[in-house]
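[1] A structural model of the following input is requested.
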Amino acid sequence: MNQKCPHCQNEIKTKEMNSGRWLLSCSNCSICFATDKTNLSKNSAIQSLIDRYEEGALTNDGKTWVLRHGLGKDLNFLDKGVSEEIDIEELSPEAKAIMRGRDEVVSYKFMEASHPDYGSNIENFGFHQLLLNSLKEYGVERFFSFQEMAIDKILEGENVVISAPTATGKTEGFIVPIFQKILEGDFAPGGVQALLIYPTKTLSRDQLRKLRKLSKGTGIGIDVYDGDTDRRKRIEIEEDPPEVLITNFDMIHYHLSRGTNFADLIKSVKFVVVDENHQYVGAFGSNVRFILERMRRKFEADFQVIGASATIGNPKEFSEALFGTDVEPVYCEKGRHGPIHFFMLYPKGRSAKTMLVDVLQKSTRAGKKTVLFGNSHKGVESMKLIADKRGGVEADVHRAGLTYQKRRDIIDRLSEGKLNSVVATPTLELGIDIGDLDAVLSVLVGITSFKQRIGRVARRGQEGLAVLGLRGEDPISSYYRVHPEDYFNDVDPAYCEPENPVVARHQLICAAMDRPIDLEVFAKFDGILEELVDDGFLSEENGKLGVTSKGRKKVENYSIRGIGETVHIWHDGSHIGSRQMPIAARELHPGAVYLHGGKKYRSTDFSFSGDSGSARFEQLSADHNVRTEAKRSSDPKIVEILDKRKAFGLEILYCSLKISEFVDGYYSIDIYEDEVLEENLLEDPIEYSFETLGMVFKAPPPELPKAGKGSGGNDKLSGTFHAIEHSILESSDMLTGGGSGEVGGVAMGGTGVIFAYDGAPGGTGICRLLYDRFEKALKRARSILEECKCNNNDGCPNCTYAYKCGNNNEPLSRVGAIESLEKILSGEETKVPNQNFSAMESIV
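    This next block holds a predicted model:
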């Protein structure tokens, strides 16, 4: 427990009084506080002091104690990074508490109530009378302008992508024209006419309820057919198909190649709707592209494709890459919400997770229905543990890996007001109806995802709260702390690699299972098809390629959501989870500490061979205070140069690469102090090689006679280029919407050669976005390094350190990196040397 003064961070003096109350004081700034409650623990008494401080209600010598930023009307918060004068008395209680709190308010915005522009009344479209009646009963009298545009384009037969904020009515924009076409009877009766595809089963069932209400009285049948549909219901759907069927790409992938009743069920589709299509990024998107091509080929169909997306930076380009066809974009810029108080916070003297849990307490204490978003199951479980230890918050966790019934119960209780707070992964970010939220809090995430999250707030017009928590020691957070407006302009692009060769190897086998492949089909993958024949997965007969038993076995357990080979996690004989390579090698190696289901485990054994592996774990005590980080290196090899250009004076190459990763040890790190306790070596180092896509360039050397960690010229040069690699990869997350682990990087010792690559086998497309935006990444990297106030030669966690550095952030040279980047931005020319890099030292 932090026992420091919440105002000046000096030591707090504590004294237990005879009355059972505590007296707490600070000799430095004269805070004096006596607890209201008796018989508290010392930690609880200090927490009470912190709470009263953040509420702005401390007293000193019987007078109101004025905080350093002042209290009262017409309060100017410019010294806290807020760009406008605020009447604090007009803020809600929880907003006041945040503004007066210990953490830095990087940005405050009052977001006026908003809704999209209105279009025409529903009577003006010539809809079928049954559809008109249904819309009126649902409460739709008039469409928004973007809905009207989408309806017109879909009725005209266009392939469309609708890009709009959460809760603006994208569903009505695509389903109303589909209902109209079905009611017009343009298609042969019987069979599924529209296939609606959602990324999660929870969202599918949520949408089923909504769509049945929208179609009430029309006679249009709507059902869900997925992995959770029981056998009796499946038979019922197969015997009497609904006009509209809801499913997911996992089901389509599985059943197409096996020629099941489900495959027969969907062969009549005229519309394929891909909702939340921005979710299909990376390797998942590569698989989706193939599945849609397989559907067209198997059914000899030319169905209309409709996408619905959050506000992303490239909806048309991404959708065309995903769907394999031209699309017409429809945009909506305005959200639909009541007035919202937005805060961007930077933690002071504590972690971002603890800061956000404190805001969660303030919000729920004020009676606000609140969701706190994390980005991973590990982060969410950590915040739940913090909330439990702090007390005062009854929060449930919602994440993948829980049973459907558990997740559904949480959503129902939240919607019905029986549950006031949830800590969730992005599973609640999608279009699931979770009722009207008063507040959304989030760890740092790209603006696209954050807009999705806060789109849940103030939907019935009430005043809402939105909080984005920057991380305390992190280059991206440091950048946004100085340039908060850039956050709102960094609209994430979506990405996928349609020609991912690893995905292609599996999907082409599945295509041959769908029906034998004519040799002229999939011409761009001729080389891969030849390899599949040579490897015995496909065989040629009568000018067509068919699948062999070896090929069927190859794809038997293939997952379209992750393409690295799978490592299964075991504890006491029970299977508790899985991870894909190469991430598995970094997180599950012997000695690795792993958080799962709120419990801590340590790996006792790791094995990997061929396409799969296993890791065995023992459970640790709840108070275990050590985390681990893999000690690793990478050996990159250029397979083929696919593109090249200049960024300022740099020659940058976009390439197919072969990456060999080595995990030969790990660091044990204190989770509270974040200090390395010891370095451990593995008896049997783990080696894993994969092909991917990436880029390479050569940075010019610095001239300054200063070094980072270590000593000597080699450390100076290695530290310079290692620091550039770190800062550019951190910058890339801001510009591509990627997350931790999606882009790998390696600096080749003191040579200046630096690689950045897609972290998944075969490539995801994310490095292509970095390649296209590299000038901006270089400028951001320089800003991160120059604006850091650490003044250390090697830098600090706010500028040069990387949380998952495989070399324990050594060596690093901030001053050398700044000079090298200045040379780059001034136009100094460099070329990538034509040589073998495997003999060079590599630093990840």
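[2] residues contacting the nearest residue in space to Lys823 that is not next to it in sequence?
    Nearest residue to Lys823, sequence neighbours excluded (Cβ to Cβ, 6 or more residues apart in numbering): Pro700, at 4.5 Å. (Glycine included, C-beta is placed from N, CA and C.) Pro700 makes contact with 752, 820, 823-824, 828, 830, according to Cβ atoms under 8 Å, 6 or more residues apart in numbering.
[3] Next step: those residues restricted to strands.
    Among those, the subset assigned to strands under DSSP state E is empty.
[4] Any buried residues in stretch 92-106, and which?
    Neighbour-count burial for stretch 92-106, counted by 16 or more other Cβ atoms under 10 Å, picks out 92, 94-106.
[5] Also stretch 369-386?
    369-377, 379-386.
[6] Just the mean pLDDT for the helix or strand where Met295 lies, thanks.
    Using DSSP states H and E, Met295 sits within helix 282-299. Averaged across helix 282-299, the pLDDT comes to 93.
[7] who does it touch, helix- and strand-wise?
    With contacts taken as 3 or more Cβ pairs under 8 Å, 6 or more residues apart in numbering; DSSP states H and E, helix 282-299 sits against helix 249-258, strand 271-275, helix 315-323, helix 501-514.
[8] right, so of the ones you listed, which gets closest to Asp605?
    Smallest distance to Asp605 across these (Cβ to Cβ): 27.2 Å, for helix 501-514.
[9] following the closest one, which helix or strand shows up next?
    strand 517-518.
[10] which strands and helices sit next to that following strand?
    Using 3+ Cβ pairs under 8 Å, 6+ apart, strand 517-518 sits against strand 544-547.
[11] ok now do Gly335, which residues does it touch?
    Contacts of Gly335 by Cβ under 8 Å, 6+ apart are 114-116, 165-168, 451, 455.
[12] Also Lys233?
    Taking Cβ under 8 Å, 6+ apart, we find Lys233 in contact with 223, 225.
[13] sec struct for it, please.
    Using DSSP: H, G, I helix; E, B strand; the rest coil, the three-state assignment for Lys233 comes out as helix.
[14] rewinding a little: between the contacts of Pro700, which is closest to His483?
    For these, the residue nearest His483 by Cβ to Cβ is Ile824; the value is 19.9 Å.
[15] Let me see the confidence value for the closest one.
    Ile824 is assigned 96 on the pLDDT scale.
[16] burial of it, as a residue count?
    Using other Cβ atoms under 10 Å, Ile824 has 24 neighbouring residues.
[17] list the buried ones in the helix or strand harbouring Tyr479?
    Secondary structure assigned from DSSP H and E places Tyr479 in helix 475-482. Neighbour counts over helix 475-482 (16+ other Cβ under 10 Å) mark 475-481 as buried.
[18] and if you look at stretch 104-118?
    Neighbour counts over stretch 104-118 (16+ other Cβ under 10 Å) mark 104-109, 111, 114, 116 as buried.
[19] Spell out the residue ranges of the strands in the stretch 301-450 of the chain.
    Secondary structure of the stretch 301-450 of the chain by DSSP state E, counting those that start in this stretch: the strands cover 304-309, 328-331, 340-346, 370-373, 395-398, 421-424, 439-443.
[20] how about these in CSV, adding mean pLDDT and distance to His255?
    What follows is these, written out as CSV (pLDDT from 0 to 100; distance: least, Cβ to Cβ, whole Å):
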stretch, mean pLDDT, distance to His255
strand 304-309, 96, 19
strand 328-331, 96, 30
strand 340-346, 92, 43
strand 370-373, 93, 34
strand 395-398, 86, 29
strand 421-424, 90, 31
strand 439-443, 93, 37
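[21] from the buried residues of stretch 104-118, which is closest to Arg505?
    Pro116 (44.0 Å).
[22] got a list of what the residue lying closest to that closest one once chain neighbours are set aside touches?
    The shortest distance from Pro116 to any non-neighbouring residue, by Cβ to Cβ, 6+ apart, is to Phe144 (4.1 Å). By Cβ under 8 Å, 6+ apart, the contact list for Phe144 reads 115-119, 168-169, 332.
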